[in-house]
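Visitor: mind looking at a prediction? Sequence and model below.
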Amino acid sequence: MTHPAPPPRWRSLLFVPAHVERFLARAHERGADGIILDLEDAVPAGEKPAARAALAGRIAALAVRGPAVLVRVNAGLRALAADLEAAVWPGLSGLVLPKVEEPALVRATSAAVAELEQERGMAPGTVRLLLQVESPAALFQLPAIAAADPRSVAMTLGPEDFCAALGAVPGPASLLAPNLAVLMAARAAGLLPLGFVGSIGQFQDLDAFRATIAEARRLGFRGALAVHPAQVGIMNEVFAPEAAEIAWARRVVEGDAQARAEGRGAFQLDGRMVDPPVVRRAEEILALGDFCPSGVPPQP
């Protein structure tokens with residue numbers, strides 16, 4: 001399989017129930033970098049067959065309107081197989097794979113997707129995987145899960161399901177450690193780290209939500225999943241670097257180039273020492289500033 005490069009830069013991925021037409025009709029207007037058509041928790045069991053039957057058309061309709069289109073599939077072999085058959089069609093950017101507890105599931109899903117891509121005339125590696133960790137059992141295999149397959153491009157913690165499995169109430173005390181574990185595993189494997197330390201249903205107090213997202217970015221997260229349109233604008237703003245950050249990063253990169261030309265590995269900027277780790281942070285800020293949600297820059 002050919003792995004697409006570079007990886008996507010998803011600041012905001014908005015869940016939309018895959019069976020509710022009035023939400024689907026305006027999903028592309030919410031400003032999210034990606035829309036997740038949810039076949040899992042948002043769809044009652046009795047509605048899933050009809051949602052699957054309509055999915056290919058809904059993916060195609062959304063894909064031409066701008067945002068990346070993903071589908072969250074169900075756990076369990078029978079449901080997962082039915083979801084893959086329904087979802088992997090031209091226009092699909094990715095699958096959200098929930099309740100991942102071991103790397104074999106990731107590899108098996110990727111192999112099935114590869115077969116469907118070939119059958120349906122899609123370029124190999126078109127459909128990417130966003131891995132959703134939702135149980136304490138997964139924490140013990142996070143590095144192997146994150147590195148299981150090159151189709152995987154992002155990983156996140158499912159806070160509500162994780163806390164339910166833990167027997168805990170969602171909040172900083174219960175969610176900080178697992179979020180950091182997912183963040184570190186994602187970074188080690190070169191995946192996009194998505195998430196924040198809090199309940200995904202937190203959207204009524206938007207000032208508090210903004211503070212939560214700001215803290216997530218400081219921790220190293222680069223985007224998150226949203227369940228309400230009010231969350232999207234905050235994510236897009238806070239997960240993007242400010243003009244002052246970009247200006248600082250440019251000065252760092254320019255100073256580094258000059259220092260290396262002079263045979264120096266470190267230099268001073270604004271009274272502080274700048275060495276390779278600081279330069280790497282500046283380079284990431286510049287990459288984030290050169291924003292392209294799909295990960296594929298537009299052709300000239």
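Guide: All right, it came through fine.
Visitor: CA atoms for contacts and neighbours, from now on please.
Guide: Will do.
Visitor: what about the strands in the stretch 1-150 of the chain?
Guide: Assigned by DSSP state E, counting those that start in this stretch, the stretch 1-150 of the chain shows strands spanning 12-17, 34-38, 68-72, 94-97, 128-133.
Visitor: which positions within stretch 227-237 qualify as buried?
Guide: 227-229, 231-232, 234-236 (16 or more other Cα atoms under 10 Å).
Visitor: what about the residues you listed, which are in helices?
Guide: Among the buried residues of stretch 227-237, the ones falling in helices (DSSP state H) are 229, 231-232, 234-236.
Visitor: can you pull out the helices in the stretch 201-300 of the chain?
Guide: Counting by DSSP state H, counting those that start in this stretch, the stretch 201-300 of the chain has helices at residues 206-219, 229-238, 243-261, 276-289.
Visitor: format the ones you listed as TSV; extra columns: distance to Ala68 and mean pLDDT.
Guide: Shown next, in TSV, are these (distance: least, Cα to Cα, whole Å; pLDDT from 0 to 100):
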stretch	distance to Ala68	mean pLDDT
helix 206-219	21	95
helix 229-238	14	94
helix 243-261	26	83
helix 276-289	17	81
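Visitor: and of these, who's closest to Ala56?
Guide: Nearest to Ala56, of all the helices of the stretch 201-300 of the chain, is helix 229-238, at 23.5 Å by Cα to Cα.
Visitor: picking that back up, ok, which of the strands of the stretch 1-150 of the chain comes nearest Glu215?
Guide: Between Glu215 and the strands of the stretch 1-150 of the chain, the tightest spacing by Cα to Cα is seen for strand 12-17, at 15.6 Å.
Visitor: endpoints of stretch 198-213, how far apart?
Guide: Using Cα to Cα, to the nearest Å, the end-to-end distance of stretch 198-213 comes to 9 Å.
Visitor: what comes up buried for it?
Guide: For stretch 198-213, the neighbour count (16+ other Cα under 10 Å) marks 198-200, 203, 209-210, 212-213 as buried.
Visitor: tell me how far the most far-flung residue of the chain relative to its centre lies from Gly255.
Guide: Outermost residue of the chain with respect to the C-alpha centroid, by Cα atoms, centre = their mean, is Glu262; its distance is 40.0 Å. Per Cα to Cα, Glu262 is found 11 Å from Gly255.
Visitor: take the strands of the stretch 1-150 of the chain and lay them out in JSON lines including distance to Ala104.
Guide: JSON lines is the format used below for these (distance: least, Cα to Cα, whole Å):
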{"stretch": "strand 12-17", "distance to Ala104": "26"}
{"stretch": "strand 34-38", "distance to Ala104": "23"}
{"stretch": "strand 68-72", "distance to Ala104": "18"}
{"stretch": "strand 94-97", "distance to Ala104": "13"}
{"stretch": "strand 128-133", "distance to Ala104": "13"}
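Visitor: can you redo those strands as TSV with mean pLDDT?
Guide: Below are those laid out as TSV (pLDDT from 0 to 100):
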stretch	mean pLDDT
strand 12-17	95
strand 34-38	96
strand 68-72	97
strand 94-97	98
strand 128-133	98
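Visitor: wait, which of the ones you listed is closest to Ala173?
Guide: strand 128-133 (17.7 Å).
Visitor: contacts for that closest one, please.
Guide: Applying Cα atoms under 8 Å, 6 or more residues apart in numbering, the contact partners of strand 128-133 are 93-101, 110, 139, 146, 151-158, 162, 182.
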